[in-house]
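>>> just coords:
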């Protein structure tokens, strides 16, 4: 399928994409914590199983919480055909778009440094790698690829090349003192590269989950998102057929990832190829579900809660980091009279209060049409 020269392509903003982004952000801005406290308070076995999914796996393996970050990157990739390809088709000079994505990348890198405490602790022992920096850099490289390729087939070649390169490095390149294929926090090729070429403090001591090789690997997830965006943008209107393409793509990626995981572990901290394929596959499936319900069937009465979060995702991410302690105090100030006598349910009440305050703030920005977009 040629995704670049169809005159019937749609250009409207995908409502489902903003909703899915809000669903994604909810879990790291209080939703996951709420499930954990609720499980502790109720001691319901089935809820304890779900609560376990609200934590990252220690190393190899996969929990739902490991999906949050790559899903966000996948979503940013879905937007590329709308934000980049659409402007190219309207005659926007490529240089102007390159300048735009460069500014976006630099802004997110700077925000990442601030998130890591540049103002709080200074630069002497700063961690330079960051979630926001990885988002900015991976989007930048993925957008460059989309911008300079006209056919989906060419992008698939780029995607295959990136994934193959990562696999060869992680499986076949010997690390001094450890050999090839070492998948540990100390002996992996990711660790060696981060220790030798990434300045500043490493999150894991001997490695960084947002390190240099992880950024390249995450570019592949963002690029897979752009392929999903090309599917959705191709044609006049939302359709079940497009949702079907997403389901088939997602299921195929999950199957391949699970097959590879028999000898090539799923490790989020290393962004191994099976991890990339699994998270992209699940992201395809989630996008298909949200797209079918919201854009195809037009069942939209429930989406405002998530839209409000999704349209200001960077804002709430930075807000929780900067004002997290104040947020807890605000919730306690207003709801302490309910929480204090409630025992284990007290933390459930306070967490709900924190989420409510965050949402009301975002709703105010939403009503005022104030969005932090970079």
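Here it is on my side, so go on. Model, not experiment: these values are computed from the prediction. Residues are numbered from 1 along each chain as shown.

>>> tell me, how many neighbours does the nearest residue to residue 339 once chain neighbours are set aside end up with?
Excluding its sequence neighbours, the residue lying closest to residue 339 (C-beta to C-beta, 6 or more residues apart in numbering) is residue 346, at 3.7 Å. Quick note: C-beta positions are derived from backbone N, CA and C, even for glycine. By the measure other C-beta atoms under 10 Å, the count of residues near residue 346 is 18.

>>> What score does residue 346 have for pLDDT?
We have a pLDDT of 96 for residue 346.

>>> can you check residue 184 too?
95.

>>> and it, backbone torsions?
The phi/psi pair for residue 184 (degrees, to the nearest 10) reads phi -120, psi 170.

>>> returning to that earlier point: test my guess that the residue nearest to residue 339 contacts residue 332.
No. The pair residue 346 and residue 332 fails to qualify as a contact (C-beta atoms under 8 Å) at a distance of 9.5 Å.

>>> Now list whatever residues contact both of these two.
residue 339 (C-beta atoms under 8 Å, 6 or more residues apart in numbering).

>>> Helices of the stretch 201-350 of the chain, start to end?
212-233, 240-260, 273-290, 304-310, 313-339, 345-367 (DSSP state H, counting those that start in this stretch).

>>> Compare the mean pLDDT across the ones you listed and name the weakest.
Among those, helix 313-339 scores lowest, with a mean of 92.

>>> in that one, what counts as buried?
By neighbour count on 16 or more other C-beta atoms under 10 Å, the buried set for helix 313-339 is 313-317, 319-320, 327, 331-332, 335, 339.

>>> Let me know the closest of those residues to residue 95.
residue 314 (25.5 Å; C-beta to C-beta).

>>> Surely the closest one and residue 107 touch.
No. Using C-beta under 8 Å, residue 314 is not in contact with residue 107; the gap is 9.3 Å.

>>> Distance of the closest residue to residue 335 other than its chain neighbours relative to residue 193?
Among residues not flanking residue 335 along the chain, residue 353 sits closest, at 4.4 Å (C-beta to C-beta, 6+ apart). Noted for residue 353: a distance of 43 Å to residue 193, by C-beta to C-beta, to the nearest Å.

>>> What of residue 116?
Distance from residue 116 to residue 193, by C-beta to C-beta: 20 Å.

>>> Equivalent analysis for residue 136, please.
Distance from residue 136 to residue 193, by C-beta to C-beta: 19 Å.

>>> Compare those two and say which is more crowded by neighbours.
Using other C-beta under 10 Å, the more surrounded residue of residue 136 and residue 193 is residue 136, with 26 against 20.

>>> so the more buried one is in which element?
helix 131-147 (DSSP states H and E).

>>> Could you point out the helix or strand that follows that helix?
Following helix 131-147 in sequence order, the next helix or strand is helix 152-172 (DSSP H and E).

>>> Distance from that following helix to the middle of the chain?
20 Å (C-alpha atoms, centre = their mean, to the nearest Å).

>>> before we move on, what about stretch 19-27?
Centre-to-centre, stretch 19-27 and its host chain are 10 Å apart (C-alpha atoms, centre = their mean).

>>> do the same with stretch 89-96
That offset, for stretch 89-96, works out to 27 Å (C-alpha atoms, centre = their mean).

>>> Next, the distance between the ends of it.
Taking C-alpha to C-alpha, to the nearest Å, stretch 89-96 runs 13 Å from one end to the other.

>>> who touches stretch 256-265?
60, 167, 170-171, 183, 266, 272-278, 281.

>>> now do 10 Å
Contacts with stretch 256-265, where a contact means C-beta atoms under 10 Å, 6 or more residues apart in numbering, come from 59-62, 167, 170-171, 181, 183, 266-267, 272-282.

>>> ok, so what distance separates the closest residue to residue 126 other than its chain neighbours from residue 194?
Computed as C-beta to C-beta, 6+ apart, the closest residue to residue 126 that is not its neighbour in sequence is residue 200, at 5.1 Å. Distance of residue 200 to residue 194, given as C-beta to C-beta: 10 Å.

>>> Kindly report the same for residue 330.
Distance from residue 330 to residue 194, by C-beta to C-beta: 38 Å.

>>> ok, now residue 233?
Look at residue 233 and residue 194: by C-beta to C-beta, they are 36 Å apart.

>>> who's more crowded, those two?
residue 194 (24 against 21).

>>> list the buried ones in the strand or helix carrying that one?
Using DSSP H and E, the element containing residue 194 is helix 189-197. Buried residues in helix 189-197, counted by 16+ other C-beta under 10 Å: 189-194.

>>> Looking at these, spot the one nearest residue 253.
Nearest to residue 253 among the buried residues of helix 189-197, with distances taken as C-beta to C-beta, is residue 190, at 21.8 Å.

>>> distance between the ends of stretch 196-206?
10 Å.

>>> Would you mind pulling the contact partners of it?
Under C-beta under 10 Å, 6+ apart, the answer for stretch 196-206 is 59, 113, 116, 121, 123-130, 184-188, 190-192, 194-195, 207-213, 215, 269.

>>> Measure how far it is from the centre of its chain, please.
22 Å.

>>> Also stretch 258-270?
19 Å.

>>> Check stretch 119-128 too.
Distance, centroid of stretch 119-128 to centroid of chain: 24 Å (C-alpha atoms, centre = their mean).

>>> what comes into contact with that stretch?
By C-beta under 10 Å, 6+ apart, the list of residues contacting stretch 119-128 reads 109, 112-118, 133, 198-203, 208, 210-211, 322.

>>> Just the buried subset of those residues, please.
109, 112-113, 115-116, 133, 198, 202-203, 208, 210-211.

>>> and these, which of them are in strands?
Among these, no member is found in strands (DSSP state E).
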